[in-house]
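1. After the sequence you'll find the predicted model.
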Amino acid sequence: MTPLEIIRRSQTGTLIDEDGNVVTLELFPGLSNTELQDFANRVPCRIPSEIAELLGACRGFHGTVEQVDFSGRDLMFEPPHQSLIDDVHEDRLAHVWRTNPGVLSHEQCLLSEDPVLSAFAGELDESFQIIDLRLAKPGDGFSWGRYGPKTQIRRFGTHAVFAYKKPKSLISRLLGRAR
């Protein structure tokens, strides 16, 4: 069933709000072809055909808990709970870059009983730090540019286990050149 079919079915049924009152689902007019193209140009991916069909028939609706506008032109629907998407966008990304959670030392991984971590550490030298994202939750990640744009990054095969190389300190580099 397409999103438009779901909305049309909701229009023909009896809708009851949280207070037990009957509500009427009223659709906003659909987007014109020009408006639909403008909308498509604003989003970072291709719009699926069933969403284009929905937007062509109605750009949103009201009469329920909140007004819902699929096109983003008017009031957007805000869920009454915290959204994982908002959480990732607003906070967790900055958290990953600020705190680098879950970073493991080369030594920790070499001594680990986890065969993936120990094998990966065996391929790297002690200047690498390892991040295991195999059990990642929304918002987890690693700061791939932690040491600047030339940070060396490795991945262990197809596993979601990554490593980045911690550069030598300025003093180590200067002393290393003096020899």
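-> Right, received. Where do you want to start?

2. Let me know the pLDDT of K137.
-> K137 is assigned a predicted lDDT (pLDDT) of 77.

3. do the one 3 residues further on as well
-> D140 is assigned 77 on the pLDDT scale.

4. Does it belong to a helix, a strand or coil?
-> coil (DSSP: H, G, I helix; E, B strand; the rest coil).

5. residues near the residue lying closest to it once chain neighbours are set aside, how many?
-> In this structure, D140 finds its nearest non-sequential neighbour in L133, 6.1 Å apart by Cβ to Cβ, 6 or more residues apart in numbering. Where C-beta positions appear, they are placed from N, C-alpha and C, glycine not excepted. By other Cβ atoms under 10 Å, the residues close to L133 number 14.

6. ok, P138 - how many residues close by?
-> By other Cβ under 10 Å, the residues close to P138 number 10.

7. my bad, L31
-> L31 - counted by other Cβ under 10 Å - has 22 other residues nearby.

8. you'd agree it is up against G56?
-> Yes - counting by Cβ atoms under 8 Å, L31 does reach G56; the two are 6.3 Å apart.

9. Sketch out the helices for the chain, chain order is fine.
-> Along the chain, counting by DSSP state H, helices occupy 3-12, 33-42, 49-57, 84-87, 93-99, 106-110, 115-123, 170-178.

10. mean pLDDT for the ones you listed: which is lowest?
-> helix 84-87 (a mean of 54).

11. can I see the domain layout of this structure?
-> 3-69, 92-168 (automatic domain parsing).

12. circling back to that earlier point, if we compare the helices of the chain, which one ends up closest to T151?
-> helix 93-99 (12.5 Å; Cβ to Cβ).

13. what's the first-to-last distance across stretch 31-48?
-> With Cα to Cα, to the nearest Å as the measure, the ends of stretch 31-48 fall 15 Å from one another.

14. try stretch 28-45
-> End to end - Cα to Cα - stretch 28-45 spans 24 Å.

15. Which residue comes closest to W97 once chain neighbours are left out?
-> Closest residue to W97 apart from its sequence neighbours, by Cβ to Cβ, 6+ apart: S143 at 4.6 Å.

16. ok, now H62?
-> Nearest to H62 is E26, by Cβ to Cβ, 6+ apart, at 5.6 Å.

17. buried sites along stretch 40-56?
-> Of the residues in stretch 40-56, those with enough neighbours to count as buried (16 or more other Cβ atoms under 10 Å) are 51, 54-55.

18. same question, stretch 128-141
-> Here stretch 128-141 shows 128-132, 139-141 as buried, counting by 16+ other Cβ under 10 Å.
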